[in-house]
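In: A structural model of the following input is requested.
(one chain, ligands or ions: 2)
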Amino acid sequence: MKALAIRLLVCVASLWLAGCVTDGPATAPTPETAAEAGADTGPPADAQTAPELYLQASPQRRLYVEVAAVAGCAPSNRTLDRLRDFLSTYCDKPDGIEIDRGSEISRAEARGLPPRALARRFMKGPPEVAGTPAPAYLYILYYDSDLSRKPCTQGTNHWAATAYAENQHPHADLRPYPAIYMNVRYGFQKWVPNEMLLHETGHVLGLVSRPDFAKNHHCLSPNCFMNSTIRVSLHRAFLGEPATRQMQLCGRCMTELVRRLKGPPQTNVYFAGPVLVRTEPGYAVLSLPNRVALILGHLTPQDCRDFAAETQAEAARPDDDELRYRGVAKDDLLAEPQRLRAAVEQAEQDSQPNIRRMAGEIWQKVQSHPAGAPAKT
Ligand SMILES: [Zn+2]
Ligand SMILES: [Zn+2]
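Out: Ligands and ions are numbered 1, 2, ... in the order given. Reported below is the predicted structural model:
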């Protein structure tokens, strides 16, 4: 009897929890997104996020996954094999799914930088091959939060403290730019590395957005890896068994993915290199990790390359985890004020408040500048 009691105690003591803080699209410390962070009914309708781009064969028939890692943090081949199996099961990509390990980021280069700043600086994007259509693109970063500088605001309600705490957890950003950030220091992640990565990938593919048997974008099934908590049993692990029972998706989550796979396609969202592009009448919205550009006028592939190059060339700072917007009216519109006004009015109807605000600021700037001067904000 005593032996049984001790064994039960070991079982209880070895049950650990590995949670997720991906609460939907909001991640940035702005009033706009902070208001949405508490939503518990699935991601709000938002043209910028596009799980369909990953799931469906149109408009991009190929998927390129870049797995970047700070030295000492890289995932195992087994973890990436599970990722490949998961993506191959649910993503209809007739021209293939490629998972590429990016070049290693040295610990010296990573020191002091939050994960999104690392992403902006070291993201390579899919190789451009002449005559080959651009693929859908997913960026995954493995990093060590011990290398990030702890803000002096830690332990307070300041947004920097919130961002630091958030960066401790593996998480998927959905907006403004879909990407996965895996902190190898987090809790018991090392016991369930496959399930933690699949969980965050599930968020990028749109899980969990249904209203039934779900809460805060997570599945309520205790055996599904889209549950908000991956339960880890060290007892099972020490016996040589899988450390968690949550190795698969439940039927409801499978059905949800298939429904989205077969649903209406996105027609105005695509990847140009690493840049997520959303085109609207008269303007386009480009995004990278915590960077968004509003382009008024005719969008060209070079605009996307320029945005990527400018973002990568930014001086990375330890305290820079803010969401930033920039806006520009292109020369073709500046020469035609009526068309410019029409594009501004369109952008002022955008689904995102910051894009609406940016459009108004560009218009104010154009009005206050002499004809021909560039309008940038
Ligand atoms: Zn989650
Ligand atoms: Zn589920």
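
In: going forward, measure contacts and count neighbours with C-alpha atoms only.
Out: Will do.

In: would residue 285 count as being in a helix?
Out: No: the assignment for residue 285 by DSSP: H, G, I helix; E, B strand; the rest coil gives strand, which leaves it out of any helix.

In: I'd say it and residue 277 touch.
Out: Yes: with contacts counted by Cα atoms under 8 Å, residue 285 reaches residue 277, the gap being 5.9 Å.

In: got the domain boundaries for this protein?
Out: As assigned by automatic domain parsing, the chain contains the domains 11-33+42-261, 274-376.

In: check the ones you listed for me: which has the lowest mean pLDDT.
Out: Among the domains of the chain, domain 11-33+42-261 carries the lowest mean pLDDT, at a mean of 84.

In: next to ligand 1, which bits of the stretch 201-350 of the chain? Give me the list.
Out: By Cα under 5 Å from the ion, no part of the stretch 201-350 of the chain sits against ligand 1.

In: how about the residues of the stretch 101-250 of the chain that lie near ligand 2?
Out: 219, 224, 250.

In: which one of those residues sits closest to residue 104?
Out: residue 224 (32.2 Å; Cα to Cα).

In: what's the span of stretch 246-265, first residue to last?
Out: End-to-end distance for stretch 246-265: 30 Å, by Cα to Cα, to the nearest Å.

In: what's that stretch in contact with?
Out: 52-53, 55-56, 58-59, 90-92, 195, 205-208, 210, 219, 221-226, 230-231 (Cα atoms under 8 Å, 6 or more residues apart in numbering).

In: swap in stretch 60-73?
Out: 53-54, 74-75, 92-107, 110, 123, 125-126, 133-144, 184, 270.

In: can you select the buried ones from the residues you listed in PyMOL?
Out: Of these, the buried ones can be selected in PyMOL as follows, counting by 16 or more other Cα atoms under 10 Å:
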select buried, resi 53+54+74+75+92+93+97+99+102+105+107+110+123+125+126+134+135+136+137+138+139+140+141+142+143+144+184+270
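
In: just checking, which of the contacts of stretch 60-73 belong to helices?
Out: Secondary structure of these is defined by DSSP state H; positions in helices are 53-54, 107, 110.

In: farthest pair in these?
Out: With Cα to Cα as the measure, no two of the ones in helices among the contacts of stretch 60-73 lie farther apart than 53 and 107, at 33.0 Å.

In: just the buried ones out of the contacts of stretch 246-265, please.
Out: 52-53, 55-56, 58-59, 90-92, 195, 205-208, 210, 219, 221, 223-226, 230-231.

In: now do the helices in the stretch 201-350 of the chain.
Out: Per DSSP state H, counting those that start in this stretch, the stretch 201-350 of the chain carries helices over the ranges 234-238, 251-261, 301-313, 331-334, 337-347.

In: can I get those in a markdown table including distance to residue 178?
Out: Formatted as a markdown table, the helices of the stretch 201-350 of the chain follow (distance: least, Cα to Cα, whole Å):
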| stretch | distance to residue 178 |
| --- | --- |
| helix 234-238 | 32 |
| helix 251-261 | 17 |
| helix 301-313 | 15 |
| helix 331-334 | 30 |
| helix 337-347 | 22 |
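
In: mind listing the strands for the stretch 151-300 of the chain?
Out: 171-173, 179-183, 214-215, 218-219, 229-233, 269-272, 275-280, 283-288, 291-296 (DSSP state E, counting those that start in this stretch).

In: return the most buried member of these.
Out: Stretch with highest mean neighbour count among the strands of the stretch 151-300 of the chain: strand 218-219 (a mean of 27; mean count of other Cα atoms under 10 Å).

In: and the contacts of that strand?
Out: 207-208, 213, 226-228, 253.
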